[in-house]
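> The following block contains a protein sequence and its predicted model.
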Amino acid sequence: MTDQNIPLVEMKDISISFGGIHAVEKATIDLFPGEVVAVLGHNGAGKSTLIKILSGAYRRDGGDILINGEAAEIRNPRDAKKYGIETIYQTLAVADNVDAAANLYLGRELRTKWGTLDDVAMEANTREVMGRLNPNFRRFKEPVKALSGGQRQSVAIARAILFDARILIMDEPTAALGPQETAQVGDLIKQLKREGIGIFLISHDIHDVFDLADRVFVMKNGKVVGHARTQDVTKDEVLGMIILGKVPPGAVPGPGAMKVA
Amino acid sequence: MADMTHSTTPHASETTTTTKPEGNPVARFFRATEIDTRMLGMIGALLIIWIGFHILTGGLFLTARNLWNLSVQTASVAVMATGMVLVIVTRNIDLSVGSILGFTGMIMGVLQAQYLPQLLGFDHPAIWAVALIGGIVVGGLIGTLHGFIIAFLSVPSFIVTLGGLLVWRGATWFVTSGQTVAPMNPSFRLMGGGAEGSIGETWSWVVGIIACLAIVAAIINARHQRKRFHFPRRPLWAEYVLAGLGFVTVIGAVMVANAYYWPINIARRYAEANGIAWPEGGLQIPHGIAIPVLMAIAVGIVMTFIATRLRFGRYVFAIGGNPEAAELAGIKTRWVTVKIFALMGILCAIAAAISTARLNAATNAQGELDELYTIAAAVIGGTSLSGGLGTIAGAMLGALVMQSLQSGMVLLGIDTPFQRIVVGIVLVTAVWLDTVYRSRAK
């Protein structure tokens, strides 16, 4: 599946700093259609920051973003959505006080021919999408606040896939979930992958994502330690990359790799 | 007053509050009719206040005359409260509304009393409209300026509008060096109510019938929409109950407005002017619904539409619920903030038109302390200061509660300082009760 030559997304030499601190320095990662790429690292390694540049939440200081091999201008979340990039944030980023349909369509509301909100149509579509994702979901009329963590997560995921995303970014997708819901998310990721969607999984916990991912990128102190196909490395080797920055033989070293003395 | 229920109806069908499986008959009734219990609590509180004052004043409160006056007195703050809901929902505050009211009122006063008669000629029929539009434009610009500073220069709204409170009050003084401008243009004055500024018996009935038809249309439309997408519908009897309640309030309000007759002097003058013979026992001309009240209802309907049916309103609530999520969803949150404050400024100007017309003068002190009544109305009406929650109808009802307290205390002959103490205590108590209600509801 990584045989195609043009990556869906290529982020080249991306740098961003906040108040003199290099949160991300010269990071390069890529993603192919139908591929799941895990971006791993400790808290503060810069993985969330890097991915927020792709989703338009932050603006990069330097580097290039290529979508399908063409330079893309991503200055804000709206730009990112135009390129088919959808993000599910760690904080879930839902508006607690409105219902599921309003959250799904937030920023992209359906409107009637009079220019008013077409709540009925939005709710009907929401029921359909949620029915596919999470058939047990019934609480359509209630504010999202009243939902469980898993239900909120399905709302966030439904929002991302409702608009035919080509690139899906999931930041700690299972952090708020119980075991059963985690399994559900895993199934969903496999399903989306079959549909040819490229998925970035961001996590600090290798166990969450190792079995789902085709490749891993490891970040440390804002730099890419290296990347590897999951079939070429073991979990322990990847842990070594995360903790020490030590690159195993099966991986390709990056700028953040530990210098071999 | 009962008029407010009109703008309540579209909202009540929007929010289904609780979905407990089974319950006692009362709970089932509320679930079937989808009546917001919180709103019902407010109506209950209002009725208690009304009946309480009626008994305390020995039957002075629930008279056609007092209720009619109450509706006119409420209009100005009710108009501003609708905008304050949007401001507070987005976790902002506007302390400057009273001063903007004063300033735009003064602009409208000066326009119609000094500039426009020279420009267009005395008694030109367009003077009132030009003055009103002028005031609205100025109000909108002031609001836009506030919104711009809040959204793009990141100064907290509390500070920006606190500054605005001083600036626009000062500017009001500056326009005429402190002089009161009077009298207002006769057409403009209609916006203030009074015998002339009411639509009379026949037209009141016309408005009442239109309102009843609108209720029926809204219910049928909602039912039709739910049917189209196979959503659960209310049982038929519940629809009839809702329609019936709507009719009773609308017709009751029209009857009350029509039961208040013109004061005898005005009626006599009118009779003389129109060559009507003065009958035995006096001429009974009903006021009907006052124009400022109609304006407030129209504003309430438009604002409810904006808040619940338009994308802008959806964004306002989403920003209030989670500003970060709204931003990440691609909403231009800063522009939404600017628009909210611009809208607030426009509403202040409309309120200023009502209050200057009613007073027949534009003064320095117009609208002083109105910011507090407006905020109190919104908060009593269920707008949460932590953002994300609130309804237009609730705020207007809140304005009516505040005005009822005030008016009742005046009838009881309570001194102004003590009135303020009571209003202050009521505000704090209402918010406390609301906090209790919300923590239970969770």
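Everything's here; your move.
> okay, CA-based contacts and neighbour counts for the rest of this
OK.
> now A:N68: how far from A:D30?
As judged by CA to CA, to the nearest Å, A:N68 and A:D30 stand 11 Å apart.
> Quick check: neighbours shared by these two?
With contacts taken as CA atoms under 8 Å, 6 or more residues apart in numbering or on different chains, the residues that reach both A:N68 and A:D30 are A:P7, A:L8, A:V9.
> Leaving out the residues flanking it, which one is nearest to the residue in the stretch 201-350 of chain B positioned nearest to chain A?
Per CA to the nearest CA, B:A325 is where the stretch 201-350 of chain B lies closest to chain A, at 4.3 Å. Counting by CA to CA, 6 or more residues apart in numbering or on different chains, B:A325 lies nearest to A:A93, which is 4.3 Å off, once chain neighbours are set aside.
> is it fair to say that neighbour lies in a helix?
No: using DSSP: H, G, I helix; E, B strand; the rest coil, the assignment for A:A93 is coil, not a helix.
> Could you check the pLDDT of it?
pLDDT, A:A93: 72.
> B:M1 now?
39.
> in whichever strand or helix holds B:L433, what counts as buried?
Element membership of B:L433 [criterion: DSSP states H and E] is helix B:416-441. Of all the residues in helix B:416-441, those buried under the rule 16 or more other CA atoms under 10 Å in any protein chain shown are B:Q419, B:V423, B:V426, B:L427, B:A430, B:V431, B:D434.
> Check stretch B:62-69 too.
B:L62, B:A64, B:R65, B:N66, B:L67, B:W68, B:N69.
> Remind me which helix or strand the residue most central in space within chain B belongs to.
The centroid of chain B falls nearest to B:A78 when counting by CA atoms, centre = their mean (2.2 Å). Per DSSP H and E, B:A78 falls inside helix B:64-89.
> For that helix, enumerate the helices and strands it packs against.
Applying 3 or more CA pairs under 8 Å, 6 or more residues apart in numbering or on different chains; DSSP states H and E, one finds that helix B:64-89 makes contact with helix B:236-258, helix B:291-309, helix B:311-321, helix B:333-359, helix B:370-380, helix B:392-411.
> Could you identify the helix or strand that succeeds it?
Beyond helix B:64-89 toward the C-terminal end (DSSP H and E), the next one is helix B:97-110.
> Quick check: the residue nearest to B:V87 when sequence neighbours are not counted vs chain A, distance?
Leaving aside its sequence neighbours, B:V87 sits nearest to B:I93 (CA to CA, 6+ apart; 5.9 Å). Between B:I93 and chain A the distance is 19 Å, computed by CA to the nearest CA, to the nearest Å.
> Please name the residues that touch the residue of chain A found nearest chain B.
Going by CA to the nearest CA, chain B is nearest to A:A93 of chain A, at 4.3 Å. By CA under 8 Å, 6+ apart, the contact set of A:A93 is A:A156, B:N322, B:E324, B:A325, B:A326, B:L328.
> burial of A:R111, as a residue count?
16 (other CA atoms under 10 Å in any protein chain shown).
> What's the first helix or strand after the worst-scoring helix or strand of chain B on mean pLDDT?
Across the helices and strands of chain B, mean pLDDT, DSSP states H and E gives its lowest value to helix B:4-12, namely a mean of 39. Per DSSP H and E, the first helix or strand lying C-terminal to helix B:4-12 is helix B:25-33.
> Is chain A within reach of that following helix?
No: contact of helix B:25-33 with chain A is not found when judged by CA under 8 Å from any CA of the partner chain; the minimum separation is 13.1 Å.
> Could you list every helix and strand that the helix or strand following that helix packs against?
Proceeding N to C from helix B:25-33, the next assigned helix or strand is helix B:37-56, under DSSP H and E. Counting contacts by 3+ CA pairs under 8 Å, 6+ apart, helix B:37-56 is packed against helix B:392-411.
> Can you give me the buried ones in the helix it packs on?
B:392-409, B:411.
> could you dump stretch A:247-261 to CSV, C-alpha only?
Output of stretch A:247-261 as CSV, limited to C-alpha atoms (Å, rounded to 0.1, in the frame of the first residue of the first chain):
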residue,chain,number,x,y,z
VAL,A,247,17.6,4.1,16.2
PRO,A,248,17.4,0.4,15.6
PRO,A,249,18.8,-1.2,12.4
GLY,A,250,15.3,-1.6,10.9
ALA,A,251,14.6,2.1,11.1
VAL,A,252,15.6,5.1,9.1
PRO,A,253,17.3,7.7,11.3
GLY,A,254,16.2,11.3,11.3
PRO,A,255,17.8,14.6,12.6
GLY,A,256,16.9,13.8,16.2
ALA,A,257,18.6,10.5,16.3
MET,A,258,21.1,9.8,19.1
LYS,A,259,24.6,10.4,17.9
VAL,A,260,26.5,7.1,17.9
ALA,A,261,29.8,7.8,19.7
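> Tell me how far it lies from the chain's centre.
25 Å (CA atoms, centre = their mean, to the nearest Å).
> And stretch A:188-208, by the same measure?
8 Å.
> Now do it: everything it contacts.
A:8, A:31-43, A:47-48, A:133, A:165-174, A:209, A:212-213, A:235, A:239.
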